[in-house]
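Enquirer: Fold the stuff below for me.
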Amino acid sequence: MEEMLTKEDFKTALVRLGVKKGMLLYVSASMESFRCVVGGSQAVIESLMELVGYDGTIVMAAPTRYLCDPLEIGNIPRDRIDEARKQTLPFNKKLSVPVGVGEVAVQFMRNEAVLRSNHPMVSFLAWGKYAKLIVEKHPLHFGMNQDSPLGKIKEYNGYVVTLGVDYDQCEIFHLAQYVTMKSPIRIYSCPIEKSGAVSWIQLLDLELTVKGYQDIGQTMEEKQVVKSTYLGNSICRLFSAKSAYQCAVEYLTKE
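Expert: Now for the predicted structure:
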């Protein structure tokens, strides 16, 4: 039989990790890891909100990389690319569904007072005391650099919580790639809506990878900067964004 988990089980595990009122948390979660959760993803979200309170802040990634030039997607016949470009929808803060981050982030977006940054490919969601500061002025070029919501989480001494996901899904490590600048720079085309009309813009960004992220996580554990606990059969972790960033820079610089 699958183990049943409740909101209180998540709260107990988060308290064991050290989550408390007023914290700034960047959350990556996978519901698939936990199988049977009473209340589903909303129960996970409420467990986080109730622990940090509105004096705290919760942030999640909400990428929409599918809102780019259809030529980049790769599954559209080349003779229909022009037609697809005309039909591609622009980024919409309320309606554009995040992909690749699981149902917790999608459900988080539906909650009251959750704000979203204005980036057509790599937006972020935030709720709580510093939500507005984190999502405002999200740079279009190099969208996950030091000036992005990710960089602000580090700057404001935030923490990373992973629930049922591994280090290869730890986006905070991306910050280090903008320091080392070893990844190729690419031009991405995206449609945006401005003054009621749709226009295409070009963005510069790194071709980010997760190569070495598992090794960075292992180094963090060896340095004992990661707190971990099990919830059901899945591991949950808590660590500071600054520690993660520093370990990632050290690793990628030597690579």
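
Enquirer: how about the nearest residue to D166, chain neighbours excluded?
Expert: Leaving aside its sequence neighbours, D166 sits nearest to Q214 (CB to CB, 6 or more residues apart in numbering; 6.9 Å). (Each C-beta comes from the backbone N, C-alpha and C, glycine too.)

Enquirer: what's whichever strand or helix holds that neighbour in contact with?
Expert: Element membership for Q214 (DSSP states H and E) is helix 213-222. Contacts made with helix 213-222 from outside it, assessed by CB atoms under 8 Å, 6 or more residues apart in numbering, are listed as 166-168, 170, 173, 226, 228, 239, 243-244, 247-248, 250-251.

Enquirer: That helix: which residues count as buried?
Expert: Buried residues in helix 213-222, defined by neighbour count with 16 or more other CB atoms under 10 Å: Y213, I216, G217, T219, M220.

Enquirer: Next, the contact list for the residue nearest to A43 when sequence neighbours are not counted, please.
Expert: If the residues on either side of it in the chain are set aside, A43 comes closest to K7, at 4.1 Å by CB to CB, 6+ apart. When contacts are counted by CB under 8 Å, 6+ apart, K7 touches V38, G39, A43, V44, E46, S47.

Enquirer: what do you get if the cut-off is 7 Å, keeping everything else the same?
Expert: Contact partners of K7, counting by CB atoms under 7 Å, 6 or more residues apart in numbering, are G39, A43, E46, S47.

Enquirer: I'd assumed V165 was in contact with S30.
Expert: Yes: S30 is within contact range of V165, at 4.8 Å (criterion: CB atoms under 7 Å).

Enquirer: hang on, the earlier thing: ok, the contacts of K7 vs K20, which is closest?
Expert: When the contacts of K7 are compared for distance to K20 (CB to CB), S47 comes out closest, at 12.9 Å.

Enquirer: burial count for that closest one?
Expert: The local packing count at S47 equals 23, with neighbours defined by other CB atoms under 10 Å.

Enquirer: Now do the strand or helix carrying it: distance to the chain's middle.
Expert: When elements are defined using DSSP H and E, S47 is found to belong to helix 40-52. Average the C-alpha atoms of helix 40-52, do the same for its chain, and the two points are 17 Å apart (CA atoms, centre = their mean, to the nearest Å).

Enquirer: in it, what's buried?
Expert: Buried positions in helix 40-52, judged by neighbour count with 16+ other CB under 10 Å: S41, Q42, A43, V44, I45, S47, L48, M49, L51, V52.
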